[in-house]
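Undergrad: Sequence and predicted model, in that order:
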Amino acid sequence: MNKILVVDDDALILHLYRQKFSDSGFEVETASDGVSAIRFLHSQRPNLVLLDLMMPRLSGVEVLKFIRSDAVLRDTPVVILTNCFMGDMVETATAMGVQGALYKTECKPAELVALVREILGSPKPAERMVTGVTARVVLSKKTDAAPTAEPEFSESAPDALSELRVVCQSFIRTTEPGARTQQLAELYRKARQVTAIAGFADHPMLSLFAGAFEALLFELSAKPAAVNPSVIRTVVSGVDFIGELFDRVRENLADVPLSARMLAVDDDPLSNRIVVEAMRRVYLECVSYEDPGQAMRALQSSPFDLVLLDIEMPGLNGFDFCKQLRKLPGYTKAPVIYVTSHADFGHRAKGILSGGDDLIAKPVFPMELAVKSIMLLLRSRLPQGATK
């Protein structure tokens, strides 16, 4: 019987993996963090390691580095599970050599078991190294062709969502830096649980957004000084949107791959570069203009799915730009986010009155902008009747 070591810091996810692989005829060992995984690997060699990359204490990348540097373990097949919005970490891991890589947003039980069986059935699994992984941000139609973890989702997700909301409320009220850092870490852990459960149960829209939200919380945990009123609003709205998507999972929400053309308009070229890079991080195309007039002509000549606007610009300020945009065919409901140094209540109110959907403060925290953009794009694709 093939022995698999499953490494993940979430007890519920470990339980799901253990159950699915045990039911499929595998012997399963588990480790709740990287330190425990290395301790186990010092004494035993499994036939395959199923490794989550994003863990506290010692990341999956460090565990993989240990495996590939050990004379006894170096040829052990490794399958990584990760967040599709953490591209740098995935690239680092695949450069060391893995036999498979799956994103948790797309990780269905039957596919995971099939991949492991395929790898272990190969006569020389070490030669099947994955040397590069192309991230896909996909919302696919749910099918009945393969079993999912829907019963586990129905049982576990309500508690995970409730706990996420409780921690979020504590996060809002806390100003002490140490306590806030702890709550960010807990928010991150709860969000990644939702990502994995939703992906396992084949709820693509919920899993996709939870994955982006998880990536934001992961970065904020490492940079708690970046937390400001704008970030707090984004975290709160992100938790609310996860709740909204959870309430609608029975609608079998589905979509095509989340591709979108974004337009960034800011007379500051550095700000434009930051915005374009933030969108690239989440695999969305973004075109930028420093001149509002050129940007308006671009809107008239080709379609864009979301517009990112500075407020103070020469010739045509962001508020007036948005009013004109709303008069163009096809742009009455296109999401508009103001990206500005003016994040006070007065400018937020004026932004809404001029036709904008949201506002984010400069200096921009790139993953915050990415999460807010994905949230508005997904909300615009929800069936009629969705509430904000």
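TA: On my side now, so go ahead.
Undergrad: Tell me, please, where in the stretch 151-300 of the chain the pLDDT is lower than the cut-off.
TA: Within the stretch 151-300 of the chain, the stretches with pLDDT under 70 are 252-258.
Undergrad: quick one: the strands in it?
TA: Per DSSP state E, counting those that start in this stretch, the stretch 151-300 of the chain carries strands over the ranges 261-265, 285-289.
Undergrad: I'd like the ones you listed laid out as TSV, including distance to residue 319.
TA: For glycine as for every other residue, the C-beta is placed from the backbone atoms N, C-alpha and C. Supplementary listing: these in TSV, determined by distance: least, CB to CB, whole Å:
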stretch	distance to residue 319
strand 261-265	12
strand 285-289	17
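Undergrad: Specify the residue ranges that define each domain of the protein.
TA: 3-128, 150-251, 261-381 (automatic domain parsing).
Undergrad: just the strands of the stretch 151-300 of the chain: most buried one?
TA: strand 261-265 (a mean of 23; mean count of other CB atoms under 10 Å).
Undergrad: how many degrees apart are that one and strand 285-289 in direction?
TA: 20 degrees (axes from the mean of the first three to the mean of the last three CA atoms, to 10 degrees).
Undergrad: Dump strand 261-265 to CSV, restricted to CA.
TA: The C-alpha trace of strand 261-265 is given here as CSV (Å, rounded to 0.1, in the frame of the first residue of the first chain):
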residue,chain,number,x,y,z
ARG,A,261,-9.6,44.4,-19.6
MET,A,262,-8.9,47.1,-17.1
LEU,A,263,-8.2,50.8,-17.7
ALA,A,264,-6.1,52.9,-15.3
VAL,A,265,-6.1,56.6,-15.6
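Undergrad: Run through who's touching it.
TA: 272, 275-276, 279, 284-289, 292, 295, 298-299, 302-310, 313, 318, 321, 339, 373 (CB atoms under 8 Å, 6 or more residues apart in numbering).
Undergrad: Name the strands paired with it and say parallel or antiparallel.
TA: In the sheet, strand 261-265 lines up against strand 285-289 (parallel), strand 306-309 (parallel) (DSSP bridges).
Undergrad: Return the last one as CSV; C-alpha atoms alone will do.
TA: It refers to strand 306-309. Extracted in CSV, the C-alpha atoms of strand 306-309 (Å, rounded to 0.1, in the frame of the first residue of the first chain):
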residue,chain,number,x,y,z
LEU,A,306,-13.3,48.0,-15.0
VAL,A,307,-11.9,51.5,-14.7
LEU,A,308,-9.4,52.8,-12.1
LEU,A,309,-9.4,56.5,-11.8
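Undergrad: Show me the contact partners of that strand.
TA: Strand 306-309 has contacts (CB under 8 Å, 6+ apart) with 260, 262-266, 275, 286, 299, 318, 321-322, 325, 334-339, 356, 369, 373, 376-377.
Undergrad: next helix or strand past the helix or strand that contains residue 40?
TA: Using DSSP states H and E, residue 40 sits in helix 34-43. As assigned by DSSP H and E, the chain's next helix or strand after helix 34-43 is strand 48-52.
Undergrad: Direction included, what does that following strand pair up with?
TA: Strand pairing for strand 48-52, using DSSP bridges, gives strand 3-7 (parallel), strand 78-82 (parallel).
Undergrad: Please identify the buried residues of the helix or strand following the last one?
TA: This means strand 78-82. As assigned by DSSP H and E, the chain's next helix or strand after strand 78-82 is helix 87-96. For helix 87-96, burial by neighbour count (16 or more other CB atoms under 10 Å) applies to 87, 89-90, 92-94, 96.
Undergrad: and of the residues you listed, the nearest to residue 59?
TA: residue 89 (7.6 Å; CB to CB).
Undergrad: So what touches stretch 288-298?
TA: Under the criterion CB under 8 Å, 6+ apart, residues 263-269, 272-273, 275-276, 287, 304, 313-316, 321, 324-325 lie in contact with stretch 288-298.
Undergrad: Just the buried ones out of those, please.
TA: For the contacts of stretch 288-298, a burial check counting by 16+ other CB under 10 Å picks out 263-266, 272, 275-276, 287, 304, 313, 316, 321, 325.
Undergrad: which of the residues you listed sit farthest apart?
TA: Spanning the widest gap among the buried ones among the contacts of stretch 288-298 are 276 and 316, at 20.7 Å by CB to CB.
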